[in-house]
Each structure stands twice: as C-alpha cells, then as structure tokens.
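In: below: sequence and its predicted model.
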Amino acid sequence: MAYYQGVYGSAPGGPGQTQDPWYGYFVSVAGQDGQIDAEELQRCLTQAGLAGGYKPFNLETCRLMISMLDRDMSGKMGFHEFKELGLVINGWRQHFMSFDRDRSGTVDFQELQKALETMGFRLSPQAVNTIGKRYGTSGKITFDDYIACCVKLRALTDTFRRRDTAQQGVVSFQYDDFIQCVMSI
C-alpha cells in the first residue's frame, strides 16, 4: 500500500514522477473526506454525459458500482478504486456500443443476449427475458441500466462460483445466506 503525504493524500507518483491524469479528476469529484460516494459518482458520470443526454445517471447504479469495487467496505471509493472503475466503465461502454448497431443509445433483448454471451454468460432465453424486463423500458436497455445489469450479473456469478466448489452449476443456500448474498449486491 502506498503512502501519500498530506491530509487527503497527494498525487500518486512521488517526487520526480508524473502525476496520474486520473488523479486531478478524482480530486475534483471527491468530497472533503478524499473519497467518492454514490452521489458524487452520480454527478461525475452525469456531467460526463455517460447516461445519455442530460439524464442523470441512476443513483442505484452508482451504489452498485461502488459496492463492486469497495474492498474496504466503506461505501465509498478511494483513488485506485475510482481509477479501476473508470477503466471498467470504458470497457463496458465500448462493449455496449459494439452491440448498439443502430446507435440509438439502447440495446434490445436480442442485442443484450449477444452481449452477455460474449462476456461468458450462458443464460437461457427465459433468463435473458427476465433480465430485459427488469432493466429495460419498452424492450430497450440504456447504457446506465446495462451497467447495473453487468454489475449484478458479475456479483451474483462470483457469489455463486465461490459456493459451487465442485463446479457443477449447482449450489445449496441456507435462506439467511441467500439473503445476505443477494442484498449485499
């Protein structure tokens, strides 16, 4: 773990090293605590125009993204988590755009199924339909909702895999364990 001087830390790098370009943006977004919470992340992503137009980025999606990378369980992101999230979002954006063939800013259920398959998710048409209904509006899924879907699928799959020690695609949950797994995402 690196040590940064100052109250909220100085720029990563040290004397004589180039400042990370992500750090200036992080400092401009982070609160006085030097961390980014869900509301600060929402403002950041909305200002960047990632939700499309002037629509605010969904706060629940921001909470999901923070929980995905929140290694210290603080409910906030430090610089390194923020930088990792930026790279992940850029990857998801490129992936989303490759399936948004008509450049509408949305994907339909068939495009979603293809996108999920290329990420390694082998889901039944019924499961994709359920996901589409959960994250879609009028049969279309926006980038914001696509991210929420990807975060939840990744987290649920990781949780399932940790419990599927035999790698058979079958796990047994106690009710309380199941609720903890699902509600922590």
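Out: Perfect, I can see it now.

In: in the chain, what secondary structure element scores lowest on mean pLDDT?
Out: One helix or strand of the chain scores below all others by mean pLDDT, DSSP states H and E: helix 21-29, with a mean of 81.

In: distance from that helix to the middle of the chain?
Out: The chain centroid and the centroid of helix 21-29 are separated by 19 Å under C-alpha atoms, centre = their mean, to the nearest Å.

In: for the remainder of this discussion, apply numbering that starts at 6.
Out: Let's use 6 as the start, then, which means that last one is helix 26-34.

In: pull the distance from the following helix or strand past that helix to the chain's centre.
Out: Once the chain leaves helix 26-34, the next helix or strand it forms, by DSSP states H and E, is helix 43-52. Taking the mean of its C-alpha atoms, helix 43-52 sits 13 Å from the chain's own mean (C-alpha atoms, centre = their mean).

In: which residues in the protein form strands?
Out: Counting by DSSP state E, the chain has strands at residues 111-113, 145-147.

In: for the first one, packing partners?
Out: By that I understand strand 111-113. strand 145-147 (3 or more C-beta pairs under 8 Å, 6 or more residues apart in numbering; DSSP states H and E). Where C-beta positions appear, they are placed from N, C-alpha and C, glycine not excepted.

In: who touches the strand it packs on?
Out: Strand 145-147 is contacted from outside by 56, 57, 109, 110, 111, 112, 113, 114, 117, 137, 140, 154, using C-beta atoms under 8 Å, 6 or more residues apart in numbering.

In: drop anything exposed from those.
Out: Among these, those classed as buried by 16 or more other C-beta atoms under 10 Å are 56, 110, 111, 112, 113, 114, 117, 137, 140, 154.

In: so how far is residue 104 from residue 116?
Out: Computed as C-beta to C-beta, to the nearest Å, the residue 116 to residue 104 distance reads 4 Å.

In: export the contacts of strand 145-147 to JSON lines and tack on pLDDT?
Out: Output for the contacts of strand 145-147, formatted as JSON lines (pLDDT from 0 to 100):
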{"residue": "56", "pLDDT": "58"}
{"residue": "57", "pLDDT": "57"}
{"residue": "109", "pLDDT": "86"}
{"residue": "110", "pLDDT": "86"}
{"residue": "111", "pLDDT": "91"}
{"residue": "112", "pLDDT": "93"}
{"residue": "113", "pLDDT": "91"}
{"residue": "114", "pLDDT": "88"}
{"residue": "117", "pLDDT": "91"}
{"residue": "137", "pLDDT": "91"}
{"residue": "140", "pLDDT": "91"}
{"residue": "154", "pLDDT": "91"}
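
In: between all of those residues, which two are separated the most?
Out: Spanning the widest gap among these are 56 and 114, at 20.5 Å by C-beta to C-beta.

In: which stretches in the chain count as helices?
Out: Here the chain has its helices, by DSSP state H, at 26-34, 43-52, 64-74, 84-104, 114-123, 130-140, 148-168, 180-188.
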